[in-house]
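**Student:** This is a predicted model, with the sequence first.
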Amino acid sequence: MITDIVIGLQHGDEGKGKVTHHLLKKGDYTHCVRFNGGCNAGHTIYHNGVKLVTHHIPAGVFFNITSVIGNGCVIDPVRLFEEIEYLESHGINVRDNLKIASNAHIITELHKAQDGKDEKIGTTRTGNGPAYRDKYNRTGLRACDVPSLSPLLVDIYEELSGDTTILMEGAQGFWLDPDWGDYPYVTSSHTGVAAAIQNGINHRSIRNVWGIVKAYETYVGKRAFQPDDPIFDKIQEVGGEFGATTGRVRQCNWINIEEVKKAILMNGVNRLVVNKMDVLREVGVWGTTDRRIHGEKHFREFLNEEFSPRIGIDKIYFSNNPRDICDSKRRALTA
């Protein structure tokens, strides 16, 4: 077993799906596993020039790679089958490649009805929170209890064991983790490397941990996040900052270097991808939460200095458009 893990280091929407898609295209993976969250996630990718959004289904299906919805996820069967039909309408062979951990938990109609009643926190209203609540109350329904899912079910430990090379695809961002985020303004599943390991992975098998950030930060939710400065409205407009699942406006702010460093160190990240450089280039401003930076060249140099081998980063990549990711020497991302 060899394992790579993709996680977000901010508040979600960092471009994890895009990076996962690139790695699967260039790597030698036998499996891709979604390890947390449910249909509250929205991963936007460009496949063969077509923009597609996934919620439940791991990105391995785009390359005929065995794709497993892990036991750390919660599943809405109705939304899942809708997503299968949506991807198959675009020529993606989902059913031959998709598997589900038999011990993953289920989102029911009751969960969806209960979600969103606490308007103080904010939610995607997809039933995720109530489903995880019932999981830990030991009153939940699991995938093995749903007959329509039975053709897709596997024992995830047995599926991933042996001569396998696995890419673990995370949802949300580390600073939405219920233990480490600004509680209660957090998501309902754990979002770091530890959550990936809980899906049948031997921690000694980990080869690379890919941490994903934007060149700035975004957040969807009820707490105040965006400073009162029209420059962030411009970043929001140029970056198309609307949630892929809910369509809600994402609040924008500068990148928080110290928070990203902490997330890198806590999760053992050794590969870093900085997305949406093109947005700040078009807006014409560069900065962090504690300083303005004069120009893209100095911004890149600053990030390379801050996110260096001193904190475990051996490679840093920058994305200059929605489709491409390159290192400082313009070499394309590789697994």
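**Tutor:** Looks like it came in fine.

**Student:** make it CA atoms for all contacts and neighbour counts henceforth
**Tutor:** Fine.

**Student:** Residue 25 contacts residue 63, correct?
**Tutor:** Yes. At 7.1 Å, residue 25 and residue 63 qualify as touching, with contact defined as Cα atoms under 8 Å.

**Student:** what residues are up against residue 14?
**Tutor:** Residue 14 makes contacts with 8, 173, 212, 213, 214, 275, as judged by Cα atoms under 8 Å, 6 or more residues apart in numbering.

**Student:** again with residue 265
**Tutor:** Here residue 265 is in contact with 311, 312 (Cα under 8 Å, 6+ apart).

**Student:** returning to what we had before: from the contacts of residue 14, which two are the most distant?
**Tutor:** Across these, no pair lies farther apart than 173 and 275, at 14.1 Å, counting by Cα to Cα.

**Student:** Return the set of buried residues in stretch 255-263.
**Tutor:** Of all the residues in stretch 255-263, those buried under the rule 16 or more other Cα atoms under 10 Å are 255, 256, 260, 261, 263.

**Student:** Export the residues you listed as JSON lines, with columns for distance to residue 57.
**Tutor:** What follows is these, written out as JSON lines (distance: Cα to Cα, whole Å):
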{"residue": "255", "distance to residue 57": "29"}
{"residue": "256", "distance to residue 57": "30"}
{"residue": "260", "distance to residue 57": "27"}
{"residue": "261", "distance to residue 57": "30"}
{"residue": "263", "distance to residue 57": "26"}
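
**Student:** can you give me the helices in the stretch 201-335 of the chain?
**Tutor:** Secondary structure of the stretch 201-335 of the chain (DSSP state H, counting those that start in this stretch): helices located at 230-239, 257-267, 277-283, 296-306.

**Student:** Just give me how far the second one sits from the chain centre.
**Tutor:** Just to be clear, that refers to helix 257-267. 16 Å (Cα atoms, centre = their mean, to the nearest Å).

**Student:** so where's this protein uncertain?
**Tutor:** 116-124, 243-246, 323, 327-332, 334-335 (pLDDT under 70).

**Student:** remind me, longest strand of it?
**Tutor:** strand 206-214 (DSSP state E).

**Student:** which other helices and strands contact that one?
**Tutor:** Counting contacts by 3 or more Cα pairs under 8 Å, 6 or more residues apart in numbering; DSSP states H and E, strand 206-214 is packed against strand 2-8, strand 271-275.

**Student:** Ok, which of these comes nearest residue 151?
**Tutor:** Closest approach to residue 151 among these is made by strand 2-8 (26.0 Å; Cα to Cα).

**Student:** For the very next helix or strand once past that closest one, buried residues please.
**Tutor:** Sequence order places helix 16-26 as the next helix or strand after strand 2-8, per DSSP states H and E. Using 16+ other Cα under 10 Å as the test for burial, helix 16-26 gives 16, 17, 18, 19, 20, 21, 22, 23, 24, 25.

**Student:** In contact with the last one, which residues?
**Tutor:** Counting by Cα under 8 Å, 6+ apart, residue 25 touches residue 63.

**Student:** hang on, the earlier thing: among the helices and strands packed on strand 206-214, which is the most enclosed?
**Tutor:** Neighbour counts (mean count of other Cα atoms under 10 Å) averaged over each of the helices and strands packed on strand 206-214 peak at strand 2-8, with a mean of 26.

**Student:** and that one, which strands flank it?
**Tutor:** Strand 2-8 has its sheet partners listed here by DSSP bridges as strand 165-169 (parallel), strand 206-214 (parallel).
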